[in-house]
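*Asks:* predicted model and sequence below, questions to follow.
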Amino acid sequence: MERRSLVLDEQEAASWIRDGMTIAIGGFINSSHPMAIVRQIIRRGVKNLTVVGPASGGLDLDLLIGAGCVRRLVTAYMGGEHYCPVAPMFRAAVERGELDVWECDEGMYYCALRAAAQRLPFTPWKAGIGTSFPEVNPDIKVFSDPITGEPLLAIPAIKPDIAIIYAAHADPYGNVQHIGTGFGDRALWRAADRTIVQVERIIPNEEVRKNPLATSLYGVDAIVRAPYGSHPFAAPGYYIEDAEHLREYVAAATAYAKHGDRGPFEAYLRKYVLDPETHADYLEVIGIKRLISLHEY
Amino acid sequence: MARESARDFTTKELIATFIARQVRDGERVAVGAGLHVPRAGILLAHLLYCPNVRLYMVMTFTNVLKEPRMEPFYTVTDFRPAKWAEAYVLHDDFQENPRLVSNMFVVGALQIDPYGNSNLIGVGKDYRRLTFRGPGAVGTTSMAHYVDRYYLYVQSHDRRIFVEKCDFVSTVGWGEGGAEGRRRLGLPDNGPLYCITPLCIMDFEPQTKRMRLQSVHPGVTVDDVVQNTGFELIIPEVVPETEPPTAEELRVLRERIDVEGMLRT
């Protein structure tokens, strides 16, 4: 008998994602996004997704929104830090009334995932009393604490059908090792029904056993190998974000957000997402010189 | 301590010094990546006055007292400062105890009202049709709730930011005002201490909890502040100039922290 390998390619993994699902995407703002799978979701033309971003979302989610995949978004921030203060396609979609935002802050966001992981209807939270959150997000209810009688927020569970996470390494059997903190990825993994992890390298099981303390997620459902797979975002231990590429994206998306000109965004989408058929084709478009210039130091 | 004031400094360096004087030794302090001025201020406090500060910086926990010169970083996900890490901070530990990462916090805003309630959600009367969609609250709602002290910090001072009423409130300040403003909401008494802008420092008058001018930066008049604030500020009879950096503070700031000169622009 053989132990079953969980390794899939990005096409097989993305075929798990279907219209109308709730999917969670890991990483944090400008780092550690499973971009090989994200681009494949766009190529497949998946629609009406509820996307649970990281606690603070970045331009990976902006791309999904601009490509028309997202109906509802759950995150506490949408921007690119110094690359852009507010994510452009997100801003355009919200201001045009085309995107529902599940308004929350980072604390509330983790409450929703925690409730899902624990199969509870909600997590109580104090921060946010006296704010507009219960008004702009009607899923959040103010209730009276049965112990002290003081007001509390009930943050309802949000359960992802699938979490898609980026990490440095995994063995073929679903043992995943991040480099660095892993941001909030564990919360997505705990809450989701199934988890797909896209990695830079697949390592032998013997390597995992050398340092089980480094295993950050275990028992995940699929592993996708995609070197440079977080590009244009950073990958701790491997490469920093591609600043030039991110500026190119922001310029294209801003042309739509500020001037209603969708041409540059469509051109970006064609060049970097729709025309390359696979992740390897995408890397060829970016070019080896650019990729190997993105050293971490 | 003997203070020899510096003569030539920028407003950003002045603000960094003000923030440095808010930090207490032994505290945990979150250092944001994107807000260069508060970051420089916290590091200045650490390197000069607070050797035992524990910094929550770029998803790590660290102490950089012996670091001769801080390499610049621009994003909260920049992995390179991890070379200083004594621990990684798992971001999903957030709701376990936000106070484990910081005793103080700096909150930015699109709008701020007279009682220090602030808005990062967006601008517009109808939430379904915002005229400007903001970035979102990030962690400000929860961090401001759990820390001992928080500060409002904005990078411009005008009537679009300082408004009679925020379109939405993402971080509660002193509520509707009054000494009981927060307690009436069932909240602890840790509302914003100061509001820091490129023109001035403001605090909150203890009885009404309305914003009050505390000091103006060099070259700024009280009238400049009044003209650029969209609500009535409390103006004390005497408004001093914001205390300048010392020569030593400026030296450490320039040689060890702001090595790229971002605060000098």
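*Replies:* Noted; the coordinates are in hand. Numbers count the residues shown, from 1 in each chain, chains lettered A, B, ... in the order given.

*Asks:* report pLDDT for the residue nearest to residue A:214 when sequence neighbours are not counted.
*Replies:* Computed as Cβ to Cβ, 6 or more residues apart in numbering or on different chains, the closest residue to residue A:214 that is not its neighbour in sequence is residue A:177, at 4.7 Å. The C-beta positions use only the backbone N, C-alpha and C, and glycine is treated the same way. Per-residue confidence (pLDDT) for residue A:177: 98.

*Asks:* ok, residue A:177 touching residue A:205?
*Replies:* No. Residue A:177 is beyond contact range of residue A:205, at 11.8 Å (criterion: Cβ atoms under 8 Å).

*Asks:* more crowded one of those two?
*Replies:* residue A:177 (22 against 11; other Cβ atoms under 10 Å in any protein chain shown).

*Asks:* who's the more buried one bridged to?
*Replies:* residue A:169, residue A:215 (DSSP bridges).

*Asks:* that one and residue A:189, how far apart?
*Replies:* 13 Å (Cβ to Cβ, to the nearest Å).

*Asks:* which ones are touching residue B:92?
*Replies:* A:55, A:110, A:113, A:183-187 (Cβ atoms under 8 Å, 6 or more residues apart in numbering or on different chains).

*Asks:* cutoff 7 Å now
*Replies:* Residues near residue B:92 by Cβ atoms under 7 Å, 6 or more residues apart in numbering or on different chains: A:110, A:184, A:186-187.

*Asks:* and if you look at residue A:103?
*Replies:* By Cβ under 7 Å, 6+ apart, the contact set of residue A:103 is A:133, A:136-137, B:121.

*Asks:* which members of these define the maximum pairwise distance?
*Replies:* Using Cβ to Cβ, the contacts of residue A:103 span at most 10.1 Å, a distance reached by A:137 and B:121.

*Asks:* neighbour count: the two, which is higher?
*Replies:* residue B:121 (27 against 21).

*Asks:* what's the farthest-apart pair in the contacts of residue B:92?
*Replies:* Between any two of the contacts of residue B:92 (Cβ to Cβ), the greatest distance is 10.4 Å, for A:110 and A:186.

*Asks:* who's more crowded, the two?
*Replies:* Higher neighbour count among residue A:110 and residue A:186: residue A:110, with 27 against 22, using other Cβ under 10 Å.

*Asks:* doesn't that one fall inside a strand?
*Replies:* No. Under DSSP: H, G, I helix; E, B strand; the rest coil, residue A:110 falls outside any strand and is assigned helix.

*Asks:* surely it touches residue B:96?
*Replies:* No. Contact between residue A:110 and residue B:96 fails when scored by Cβ atoms under 7 Å: they sit 9.0 Å apart.

*Asks:* can you map out the helices along the stretch 51-200 of chain B?
*Replies:* Ranges of helices in the stretch 51-200 of chain B, per DSSP state H, counting those that start in this stretch, are B:140-146, B:181-184.

*Asks:* let me have the ones you listed in CSV, extended by distance to chain A and mean pLDDT.
*Replies:* What follows is the helices of the stretch 51-200 of chain B, written out as CSV (distance: least, Cβ to the nearest Cβ, whole Å; pLDDT from 0 to 100):
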stretch, distance to chain A, mean pLDDT
helix B:140-146, 3, 96
helix B:181-184, 8, 94
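
*Asks:* now do the same for residue A:119: its pLDDT.
*Replies:* At residue A:119, pLDDT is 97.

*Asks:* no no, residue A:297
*Replies:* 68.

*Asks:* what do you get for residue B:82?
*Replies:* According to the prediction, residue B:82 has pLDDT 86.

*Asks:* what about it, neighbour count?
*Replies:* Neighbours around residue B:82, by other Cβ under 10 Å: 19.

*Asks:* which parts of the chain are strands?
*Replies:* In the absence of a named chain, chain A is used. A:7-8, A:22-25, A:49-52, A:70-74, A:100-102, A:122-125, A:141-144, A:151-156, A:162-170, A:176-177, A:194-202, A:215-217, A:222-225 (DSSP state E).

*Asks:* hm, I was asking about chain B
*Replies:* Using DSSP E, strands in chain B cover B:28-31, B:54-57, B:60-62, B:87-88, B:104-107, B:111-112, B:118-119, B:122-123, B:132-133, B:149-153, B:192-196, B:200-204, B:211-216.

*Asks:* contacts for the fifth one?
*Replies:* Contact with strand B:104-107 is made by B:22, B:27, B:29-30, B:32, B:35, B:38, B:118, B:140, B:143-144, B:147-153, B:171, as judged by Cβ under 7 Å, 6+ apart.

*Asks:* the third one now?
*Replies:* With Cβ under 7 Å, 6+ apart as the test, strand B:60-62 has contacts from B:54-55, B:81-82, B:84-89.

*Asks:* how far is it from where the chain is centred?
*Replies:* 20 Å (Cα atoms, centre = their mean, to the nearest Å).

*Asks:* what of the second one?
*Replies:* Taking Cα atoms, centre = their mean, the mean C-alpha location of strand B:54-57 is offset from the chain mean by 15 Å.

*Asks:* hang on, the earlier thing: within reach of chain A, which of the contacts of strand B:60-62 are there?
*Replies:* Among the contacts of strand B:60-62, the residues lying close to chain A (Cβ under 7 Å from any Cβ of the partner chain) are B:82, B:88-89.

*Asks:* name only those of the contacts of strand B:104-107 that count as buried.
*Replies:* Buried members of the contacts of strand B:104-107, counted by 16 or more other Cβ atoms under 10 Å in any protein chain shown: B:22, B:27, B:29-30, B:32, B:35, B:38, B:118, B:140, B:143-144, B:147, B:149-153, B:171.

*Asks:* any idea how many residues pack against whichever residue of chain A sits closest to chain B?
*Replies:* Taking Cβ to the nearest Cβ, chain B has its nearest neighbour within chain A at residue A:107, 2.8 Å off. Neighbourhood size, residue A:107 [other Cβ under 10 Å]: 27.

*Asks:* residues touching the closest residue to it other than its chain neighbours, list them.
*Replies:* For residue A:107, ignoring the flanking residues on the chain, the nearest one in space by Cβ to Cβ, 6+ apart is residue B:142 at 2.8 Å. Under the criterion of Cβ under 7 Å, 6+ apart, the neighbours of residue B:142 are A:105-107, A:127, B:98.

*Asks:* can you name the residues of the stretch 1-150 of chain A that neighbour chain B?
*Replies:* A:28-31, A:55-56, A:75-79, A:81-82, A:85-86, A:91, A:94-95, A:97, A:103, A:105-107, A:110-111, A:114, A:126-132, A:136, A:150.

*Asks:* please pick the buried ones from the residues you listed.
*Replies:* Buried positions within the residues of the stretch 1-150 of chain A next to chain B, assessed by neighbour count (16+ other Cβ under 10 Å), are A:28-31, A:55-56, A:75-79, A:81, A:86, A:91, A:94-95, A:103, A:105-107, A:110-111, A:114, A:126-132, A:136.

*Asks:* just these: which are in helices?
*Replies:* Among those, the members falling in helices (DSSP state H) are A:91, A:94-95, A:106-107, A:110-111, A:114, A:136.

*Asks:* now, the most widely separated pair of the contacts of strand B:60-62?
*Replies:* Farthest-apart pair in those is B:54 and B:82; separation 15.9 Å (Cβ to Cβ).

*Asks:* residues in contact with residue A:38?
*Replies:* Counted by Cβ under 7 Å, 6+ apart, residue A:38 has contacts A:25, A:60, A:63-64.

*Asks:* now do 10 Å
*Replies:* A:10, A:14, A:17, A:23, A:25, A:27, A:51, A:60-61, A:63-64, A:67, A:69, A:164, A:166, A:198, A:229-230, A:273 (Cβ atoms under 10 Å, 6 or more residues apart in numbering or on different chains).

*Asks:* low-confidence stretches in the chain?
*Replies:* Because you didn't say which chain, this covers chain A. Across chain A, the ranges flagged by pLDDT under 70 are A:297.

*Asks:* switch to chain B, please.
*Replies:* In chain B, residues with pLDDT under 70: B:1-4.

*Asks:* for the residue most central in space within it, give its distance to chain A.
*Replies:* Residue closest to the average C-alpha location in chain B (Cα atoms, centre = their mean): residue B:106, at 3.5 Å. Remark: distance between residue B:106 and chain A (Cβ to the nearest Cβ, to the nearest Å) = 15 Å.
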